[in-house]
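Q: this one's sequence-less:
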């Protein structure tokens, strides 16, 4: 007797039992994606590896997020959104000490393990991939430089804010990514004090 043919599998959301779907599945996917992008960068990460890390079927990742670039954006946004929302408050303290506040805010994101991982995902990916670079530009420009530039009230405010951001990105790369000594090991307050002087010079000097 000829066994019945197995019907072809339809695209879209996989069966629940097979997919690993259920409460918290979306959050597990985002967390796994953040870890995967941080470790391997955008080009090295794969939907299959993210699905394995989250304990779900790859089809469920596609169902929730679509292509890899949307998964990347979602992972970064989920990790950094609360902290970046706080960047809007930077201008509220006035112009006089904005250099120190900007320095403490940016380096504080790197100091906190909860926000360091999505930042690593962006930085490691942005170096080699334009999709990731676009996400990084949006984060730095819209969420950090423009609010600060609007506070300065000078003709070259955008350039000053960009130079200040470059100072902080460079400091963060050497301390948290490349881990150059003694910068990688010196106390946080020491780094803030030294870096803030340079940032203040760019912004208001």
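A: Looks like it arrived, so ask away. Source: prediction; values computed, not measured.
Q: all strands for this structure, in order.
A: In the chain, no segments count as strands under DSSP state E.
Q: please parse it into its domains.
A: The chain resolves into domains spanning 16-75, 77-204 when parsed by automatic domain parsing.
Q: I'd like the average pLDDT over the first one.
A: Per-residue pLDDT over domain 16-75 has a mean of 85.
Q: that domain: how far from the chain's middle?
A: Domain 16-75 sits 16 Å away from the centroid of its parent chain (Cα atoms, centre = their mean, to the nearest Å).
Q: ok, now the last one?
A: Taking Cα atoms, centre = their mean, one finds the center of domain 77-204 at 12 Å from the center of the full chain.
Q: hang on, the earlier thing: could the domains of the chain go into TSV alongside mean neighbour count?
A: Yep, even glycine has a C-beta here, placed from its N, CA and C like the rest. Below are the domains of the chain laid out as TSV (neighbours: other Cβ atoms under 10 Å):
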stretch	mean neighbour count
domain 16-75	18
domain 77-204	17
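Q: the longest helix along the chain - contacts with which helices or strands?
A: Longest helix of the chain, by residue count under DSSP state H: helix 25-44. Helix 25-44 is packed against helix 47-54, helix 58-65, helix 68-85, helix 113-126, helix 130-140, with contacts defined by 3 or more Cβ pairs under 8 Å, 6 or more residues apart in numbering; DSSP states H and E.
Q: outside of it, which residues touch it?
A: With contact meaning Cβ atoms under 8 Å, 6 or more residues apart in numbering, helix 25-44 is reached by 19, 45-46, 49-56, 60-61, 64-65, 68, 71-72, 74-76, 78-79, 117-118, 120-121, 124-129, 131-132.
Q: is it correct that residue 121 is in contact with residue 74?
A: No - with contact defined as Cβ atoms under 8 Å, residue 121 does not reach residue 74; the gap is 11.5 Å.
Q: grab the nearest non-local neighbour of residue 163.
A: residue 202 (4.3 Å; Cβ to Cβ, 6 or more residues apart in numbering).
Q: please report how far the one you found lies from residue 103.
A: 11 Å (Cβ to Cβ, to the nearest Å).
Q: again with residue 123
A: For residue 123, the distance to residue 103 - Cβ to Cβ - is 18 Å.
Q: cool, and residue 159?
A: Distance, residue 159 to residue 103, using Cβ to Cβ: 18 Å.
Q: circling back to that earlier point, export the helices and strands packed on helix 25-44 to JSON lines and tack on distance to residue 151?
A: Formatted as JSON lines, these follow (distance: least, Cβ to Cβ, whole Å):
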{"stretch": "helix 47-54", "distance to residue 151": "39"}
{"stretch": "helix 58-65", "distance to residue 151": "36"}
{"stretch": "helix 68-85", "distance to residue 151": "17"}
{"stretch": "helix 113-126", "distance to residue 151": "23"}
{"stretch": "helix 130-140", "distance to residue 151": "16"}
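Q: out of those, flag the one nearest residue 163.
A: Minimum separation from residue 163 across the helices and strands packed on helix 25-44 (Cβ to Cβ) falls at helix 130-140, 12.3 Å.
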